[in-house]
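Visitor: Here's my sequence, what's the structure:
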Amino acid sequence: MSHPSVLVVDDEVQVCLIVHRMLANDQYQVQTCHSVAEAVATIDQKFFDLYVVDYKLPDGCGLDVAERIRSKGSEAPILLLSGYVASEVALRAKKLGIFEIVEKPFSREMIVNAVKKAIGPPQAALA
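Guide: Numbers count the residues shown, from 1 in each chain. Down below sits the predicted model:
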């Protein structure tokens with residue numbers, strides 16, 4: 001059986017590398033993107049089991065990515081990474097079915113726990 005797939009979208013290359021390493025160590029298949037445009041192109045080609053999307057991106061925001069995911073018919077959980085969450089952001093996130101908002105800075109434990117809560121541990125997929 002295959003491992004759960006995760007798309008990480010963040011304009012900070014270091015954040016993508018760190019989250020990739022955190023999740024790959026736990027046997028998730030991880031792909032990264034650095035902009036809304038790159039994420040949209042990727043989403044148009046493939047569905048993922050989970051999306052981890054930064055709120056603030058150079059060419060838009062993570063909620064634009066979430067809208068595209070939902071418009072493709074995917075009900076997959078979306079984790080939104082944000083350094084701040086204004087009430088209007090939280091309201092729009094709720095309307096888009098964002099699974100959880102993870103505040104930056106985050107720890108390995110915060111990310112891994114949020115992913116496991118959203119889609120379960122990869123070992124469950126193998127059992």
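
Visitor: Low-confidence stretches in the protein?
Guide: In the predicted model of the chain, residues 1, 123-127 satisfy pLDDT under 70.

Visitor: all helices for it, in order.
Guide: 13-24, 36-45, 62-71, 87-95, 108-119, 122-126 (DSSP state H).

Visitor: residues making contact with the third one?
Guide: Around helix 62-71, the neighbours that count as contacts under C-beta atoms under 8 Å, 6 or more residues apart in numbering are 9, 36, 39-40, 43, 51, 53-57, 76, 78, 80-82, 89, 92-93, 96-98. Every C-beta, even on glycine, is put in place using the N, C-alpha and C of the backbone.

Visitor: Can you select the buried ones among these for me in PyMOL?
Guide: Typed into PyMOL, the line below selects the buried ones among these, using 16 or more other C-beta atoms under 10 Å:
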select buried, resi 9+36+39+40+43+51+53+54+55+57+76+78+80+81+82+89+92+93+96+98
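
Visitor: hmm, back to that, please identify the deepest-packed of the helices of the chain.
Guide: helix 62-71 (a mean of 20; mean count of other C-beta atoms under 10 Å).

Visitor: the inter-axis angle of that one versus helix 36-45?
Guide: 10 degrees (axes from the mean of the first three to the mean of the last three C-alpha atoms, to 10 degrees).

Visitor: got the CA coordinates for helix 62-71 in PDB?
Guide: C-alpha atoms of helix 62-71 as PDB (Å, rounded to 0.1, in the frame of the first residue of the first chain):
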ATOM      1  CA  GLY A  62      -3.300  29.900   1.100                       C
ATOM      2  CA  LEU A  63      -7.100  30.300   1.000                       C
ATOM      3  CA  ASP A  64      -6.800  30.800  -2.700                       C
ATOM      4  CA  VAL A  65      -5.100  27.400  -2.900                       C
ATOM      5  CA  ALA A  66      -7.800  26.000  -0.600                       C
ATOM      6  CA  GLU A  67     -10.500  27.300  -3.000                       C
ATOM      7  CA  ARG A  68      -8.800  25.600  -5.900                       C
ATOM      8  CA  ILE A  69      -8.600  22.300  -3.900                       C
ATOM      9  CA  ARG A  70     -12.300  22.500  -3.100                       C
ATOM     10  CA  SER A  71     -13.300  23.500  -6.700                       C
END
